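Asker: Provided below are the primary sequence and the corresponding predicted coordinates.
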There are 2 protein chains.
Amino acid sequence: MKLYDFRPSGNGYKIRLALAFLGLAYECVEVDILSGGSRTPEFLRMNPNGRIPVLELDDGTMLAESNAILFFLAEGTPLLPAKRIGRARVLQWMFFEQYSHEPYIATSRFMRQHREQTEDVVADLQRRYEPGVAALGVMERHLSEHEFFVDGTFSIADIALYAYTHVAPEGGFAIDSYPSILRWLDRVRAQPGHVAIGAAAA
Amino acid sequence: MKLYDFRPSGNGYKIRLALAFLGLAYECVEVDILSGGSRTPEFLRMNPNGRIPVLELDDGTMLAESNAILFFLAEGTPLLPAKRIGRARVLQWMFFEQYSHEPYIATSRFMRQHREQTEDVVADLQRRYEPGVAALGVMERHLSEHEFFVDGTFSIADIALYAYTHVAPEGGFAIDSYPSILRWLDRVRAQPGHVAIGAAAA
């Protein structure tokens, strides 16, 4: 398998984490999204929506959207519940991640790291603050009563939410005041096979 | 089953469509999200993220996130491919819908219908226009070569994308210039069991 990715991306990191936990070998192809690498005609043939990560399977099939790739990799493994309602619950948290968490917590991190801090960017960051805090609140309440997001077992729902939550401070979201999130981050870090998020290529 | 819903919502409509296509009976409980009905303590016990739709199963289990509910309902039916890569591809398009389509096309419709058109709201609508057009472009290119989104077969990926695309003009997105989208909308409308989106309760 080949993973088209940008190392500092949390969305790409989700796939690197899952592949590491599953012990699967793959080749990593770095795409410089900052200089338009994910909007070239070649890249758009792989993913018409112009975003990393993209997973290329051994038969040449291209799969996009980080959480769809996670689901594909996890089917039939301990990272996805065997019961129908468990799979749906995992998806519930993964759609929560893409709709209510990523656009605030991940996008704020990207904007702080890669955009000039103009008045417009600062105003945009301010608009993203409150919904990001709300997402962390939803996670904290759930984790105050559960070790992991679904069925008390480590799954791709945890991987999807870990990817950007553990670097939330880089987006301006302090997480010290969320004790249940902090303990859960430690539990994810302690899973056998855990790897760290990447830094940008030099 | 009980569906907690707000009739004009496209996210709720996805579930009503799937239940109609599958011929499943359910009770509908209208939640007035405009007056805070999805943020009451009772509602937050059903979905801590405070959003409709929520599906209550016969054993009392609560499931949230429209596309997770769709997946739950569709497993083992013709609305979800039997092959692993097909299921992943359906999820790819459903994550596209929630991340790259809904926040622009659906949110613009909601803001035009339910918010006072202040300067801030108009500026917010303007920011949401270009990404919405980009999402329609991705759909048009795909549909120019495919009858339905995945494997040439009607699936929950089509239901998820139909819900807000067919009312995109209510959000300020003209769809007359997307011939492949228009033909696909007709194909979805022609599926046996199709029902229309609801109007707000009087």
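Answerer: Received, thanks.

Asker: quick check: domain ranges of chain A?
Answerer: A:2-74, A:84-189 (automatic domain parsing).

Asker: wait, does the longest one contact chain B?
Answerer: Pointing back at domain A:84-189 there. Yes: interface with chain B: domain A:84-189 contributes A:84-85, A:87-89, A:91-92, A:94-96, A:98-100, A:102-103, A:138, A:141-142 (Cβ under 8 Å from any Cβ of the partner chain). Heads up, the C-betas are built off the backbone N, CA and C, glycines and all.

Asker: Export the domains of chain A as CSV, with columns for mean pLDDT.
Answerer: Converted to CSV, the domains of chain A look like this (pLDDT from 0 to 100):
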stretch, mean pLDDT
domain A:2-74, 97
domain A:84-189, 97
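
Asker: Mean neighbour count added to the ones you listed, as CSV?
Answerer: CSV is the format used below for those (neighbours: other Cβ atoms under 10 Å in any protein chain shown):
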stretch, mean neighbour count
domain A:2-74, 19
domain A:84-189, 19
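
Asker: Any idea what the closest residue to A:Lys2 other than its chain neighbours is bridged to?
Answerer: Of all residues not flanking A:Lys2 in the chain, A:Glu56 sits nearest, at 4.1 Å (Cβ to Cβ, 6 or more residues apart in numbering or on different chains). Residues in a beta bridge with A:Glu56, per DSSP bridges, are A:Lys2, A:Met62.

Asker: Could you pull up the residues touching A:Pro169?
Answerer: With contact taken as Cβ atoms under 8 Å, 6 or more residues apart in numbering or on different chains, A:Pro169 is in contact with A:Ile175.

Asker: Is it in a helix, a strand, or coil?
Answerer: Secondary structure state of A:Pro169, per DSSP: H, G, I helix; E, B strand; the rest coil, is helix.

Asker: Let's see which of the residues of domain A:84-189 next to chain B end up in helices.
Answerer: A:84-85, A:87-89, A:91-92, A:94-96, A:138, A:141-142 (DSSP state H).

Asker: State the pair within the residues you listed that is farthest apart.
Answerer: Pairwise distances across those (Cβ to Cβ) peak at 25.4 Å, for the pair A:Arg84 and A:Arg141.

Asker: tell me which element the spatially closest residue to A:Arg115 that is not a sequence neighbour falls in.
Answerer: Nearest residue to A:Arg115 in three dimensions, chain neighbours excluded: A:Val121, at 5.0 Å (Cβ to Cβ, 6+ apart). Using DSSP states H and E, A:Val121 sits within helix A:119-143.

Asker: quick check: angle from that helix to helix B:119-143?
Answerer: 80 degrees (axes from the mean of the first three to the mean of the last three Cα atoms, to 10 degrees).

Asker: Mind giving me the packing neighbours of helix A:119-143?
Answerer: With contacts taken as 3 or more Cβ pairs under 8 Å, 6 or more residues apart in numbering or on different chains; DSSP states H and E, helix A:119-143 sits against helix A:107-114, helix A:156-165, helix A:179-189.

Asker: one more time with 6 Å
Answerer: Helix A:119-143 sits against helix A:107-114, helix A:179-189, with contacts defined as 3 or more Cβ pairs under 6 Å, 6 or more residues apart in numbering or on different chains; DSSP states H and E.

Asker: what's the spacing between the nearest residue to A:Glu147 once chain neighbours are set aside and A:Glu140?
Answerer: Distances taken as Cβ to Cβ, 6+ apart put A:Arg187 closest to A:Glu147, at 6.5 Å, once the chain neighbours are dropped. A:Arg187 sits at a distance of 14 Å from A:Glu140 (criterion: Cβ to Cβ, to the nearest Å).

Asker: Next one: the residue lying farthest from the centre of chain A from A:Gln126, what distance?
Answerer: Distance from the C-alpha centroid of chain A peaks at A:Glu119, with 28.1 Å (Cα atoms, centre = their mean). As for A:Glu119, its distance to A:Gln126 is 11 Å (criterion: Cβ to Cβ).

Asker: Chain neighbours aside, what residue packs nearest to A:Phe6?
Answerer: Leaving aside its sequence neighbours, A:Phe6 sits nearest to A:Ile33 (Cβ to Cβ, 6+ apart; 4.7 Å).

Asker: can you tell me how far A:Thr118 sits from A:Pro103?
Answerer: Taking Cβ to Cβ as the measure, A:Thr118 falls 20 Å from A:Pro103.

Asker: Distance to B:Tyr164 added to the ones in helices among the residues of domain A:84-189 next to chain B, as TSV?
Answerer: Output for those, formatted as TSV (distance: Cβ to Cβ, whole Å):
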residue	distance to B:Tyr164
A:Arg84	27
A:Ile85	27
A:Arg87	25
A:Ala88	22
A:Arg89	24
A:Leu91	19
A:Gln92	20
A:Met94	20
A:Phe95	15
A:Phe96	19
A:Val138	24
A:Arg141	29
A:His142	28
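
Asker: ok, so of the residues you listed, who is nearest A:Tyr13?
Answerer: Checking these against A:Tyr13 by Cβ to Cβ gives A:Met94 as the nearest, at 14.7 Å.

Asker: Which residues are in contact with the closest residue in space to the closest one that isn't next to it in sequence?
Answerer: Of all residues not flanking A:Met94 in the chain, A:Asn67 sits nearest, at 4.3 Å (Cβ to Cβ, 6+ apart). A:Asn67 is in contact with A:Met94, A:Ala160, B:Phe95, counting by Cβ atoms under 6 Å, 6 or more residues apart in numbering or on different chains.

Asker: just checking, the second one touches A:Met94?
Answerer: Yes: with contact defined as Cβ atoms under 6 Å, A:Ala160 counts as touching A:Met94 (4.8 Å).

Asker: does A:Val29 have beta-bridge partners, and which?
Answerer: Applying DSSP bridges, one finds that A:Val29 bridges with A:Tyr4.

Asker: And it, how far from A:Glu42?
Answerer: 11 Å.

Asker: tell me which element the residue nearest to A:Met94 falls in.
Answerer: Per DSSP H and E: helix A:66-74 holds A:Asn67.
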